[in-house]
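Chemist: requesting a structural model of the entry that follows:
(one chain, ligands or ions: 2)
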Amino acid sequence: MISVTKLDHLSAAIPKWEPQFELMRKLFGLKFLHEFSSSPGFPFGGCVAQVHGTNMEWELLTPNTPDSFVQKFLDDRGAGLHHITLEVEDIDEAAAEMERLGMKPFGGITEDSQWRMTYIHPKDSNGILWQLFSMLPGSGGDEDRTATPGELGAVRFDHVSMAVDDLDKQIEWQTRVLGMEALRRWQDDELGYKAAIMSIPGSDLEFEIMAPIREDSFVRKFIDERGKGMHHVCVEVESTEAAAAALERQGITPFRGIIDNGWKKHTFIHPKDSGGVLFQLFEERDD
Ligand SMILES: [Fe+2]
Ligand SMILES: [Fe+2]
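Modeler: Residues are numbered from 1 along each chain as shown. Ligands and ions are numbered 1, 2, ... in the order given. Sure, this is the predicted structure:
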């Protein structure tokens, strides 16, 4: 098993990061941390920002050159979630463990001024590009990370969700390779899927896996259209009604309206309104 210390960030690809950061700041109160140094000819730019209420960052990636991997991603799939980044205890040991588990560290081990890193290719993980890194000694430092609830009244980022064909197989992979732990499982006969929530070592954000149980399930449709991989990001808000009203004020129609069907009261932001990411917004019940 790879020794994961924490989830560092979720990364989304977008043609231009500046307006997208502004939207994310307005809606979710993200706190800008820094922009990537994008010297001329460097293939990508972007920024990272602190999320409110959850110890994790949100990254935006923008292509700088036509042959950038970010441009290829945008051409193939459009804007949206690109990778998940985990900090590991020791990157060399993590790469060695990948080899023992029968995976090739994708791109080998590379280094920038702060990190040593490698990747798990989506074909090895059933559809997610995982970035693994460890910090070089003396890098990092204290930054002001005070994010705010934003217009939507975000309390915390709750989970990132993955769509796959085989739930048990994926739970086994996440456990064996990344040391995640299944916390609860359920089946929704109405929507036609079964799912599990897993904890990520050292992290507030949880990992959800959904698999279809019927051909007409939304999970089946998603996999047929987009392939297996990341599906949505779920955010707890103070009030679903208030968040929906805040979306309306921004000219965004809450996708599928306000849903109160026995689970928690929730709504969605359609990817076309959010820069390519399906967001689920929910409030906790009082009881
Ligand atoms: Fe990243
Ligand atoms: Fe979810």
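Chemist: who does residue 11 bridge with?
Modeler: The residues paired with residue 11 through beta bridges, assigned by DSSP bridges, are residue 59, residue 83.
Chemist: contacts only, for it.
Modeler: Remark: with contacts taken as CB atoms under 8 Å, 6 or more residues apart in numbering, residue 11 is in contact with 58-61, 81-85, 131. (C-beta placed from N, C-alpha, C; glycine too.)
Chemist: residue ranges of the helices in the protein, please?
Modeler: Counting by DSSP state H, the chain has helices at residues 17-28, 69-77, 91-100, 122-125, 167-178, 218-226, 240-249, 271-274.
Chemist: out of these, which comes closest to residue 187?
Modeler: Set against residue 187 and scored by CB to CB, those come closest in helix 167-178, at 9.5 Å.
Chemist: what angle sits between the closest one and helix 218-226?
Modeler: 70 degrees (axes from the mean of the first three to the mean of the last three CA atoms, to 10 degrees).
Chemist: check which helices and strands helix 167-178 is in contact with.
Modeler: Helices and strands in packing contact with helix 167-178 are listed as strand 181-188, strand 193-199, strand 206-212; criterion 3 or more CB pairs under 8 Å, 6 or more residues apart in numbering; DSSP states H and E.
Chemist: just want the angle from it to strand 193-199.
Modeler: Using the same axes, to 10 degrees, the direction of helix 167-178 lies 20 degrees away from that of strand 193-199.
Chemist: name the residues of helix 167-178 that are buried.
Modeler: Burial within helix 167-178, assessed by neighbour count using 16 or more other CB atoms under 10 Å, is assigned to 167, 170-171, 173-174, 177-178.
Chemist: related to what we said a few turns ago, out of the contacts of residue 11, who's near ligand 1?
Modeler: With the criterion set as CB under 5 Å from the ion, the members of the contacts of residue 11 near ligand 1 are 59, 85.
Chemist: re earlier: name the stretch among the helices and strands packed on helix 167-178 that sits most buried.
Modeler: By mean neighbour count, with neighbours taken as mean count of other CB atoms under 10 Å, strand 206-212 ranks first of the helices and strands packed on helix 167-178 at a mean of 23.
Chemist: paired strands for it, with orientation please.
Modeler: Those paired with strand 206-212 in the sheet (DSSP bridges) are strand 154-163 (parallel), strand 193-199 (antiparallel).
Chemist: out of these, nearest to residue 3?
Modeler: Among those, if distance is taken as CB to CB, the winner is strand 193-199, at 15.2 Å.
Chemist: if we can go back for a sec, include pLDDT and distance to residue 238 when you put the contacts of residue 11 into a markdown table, please.
Modeler: Formatted as a markdown table, the contacts of residue 11 follow (pLDDT from 0 to 100; distance: CB to CB, whole Å):
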| residue | pLDDT | distance to residue 238 |
| --- | --- | --- |
| 58 | 98 | 19 |
| 59 | 98 | 25 |
| 60 | 98 | 25 |
| 61 | 96 | 30 |
| 81 | 98 | 25 |
| 82 | 97 | 29 |
| 83 | 98 | 30 |
| 84 | 98 | 26 |
| 85 | 98 | 28 |
| 131 | 98 | 32 |
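Chemist: ok, back up a step: want to throw the buried residues of helix 167-178 into JSON lines with distance to ligand 2 and pLDDT?
Modeler: Conversion of those to JSON lines gives the following (distance: CB to the ion, whole Å; pLDDT from 0 to 100):
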{"residue": "167", "distance to ligand 2": "14", "pLDDT": "98"}
{"residue": "170", "distance to ligand 2": "15", "pLDDT": "98"}
{"residue": "171", "distance to ligand 2": "15", "pLDDT": "98"}
{"residue": "173", "distance to ligand 2": "19", "pLDDT": "98"}
{"residue": "174", "distance to ligand 2": "15", "pLDDT": "98"}
{"residue": "177", "distance to ligand 2": "21", "pLDDT": "98"}
{"residue": "178", "distance to ligand 2": "19", "pLDDT": "98"}
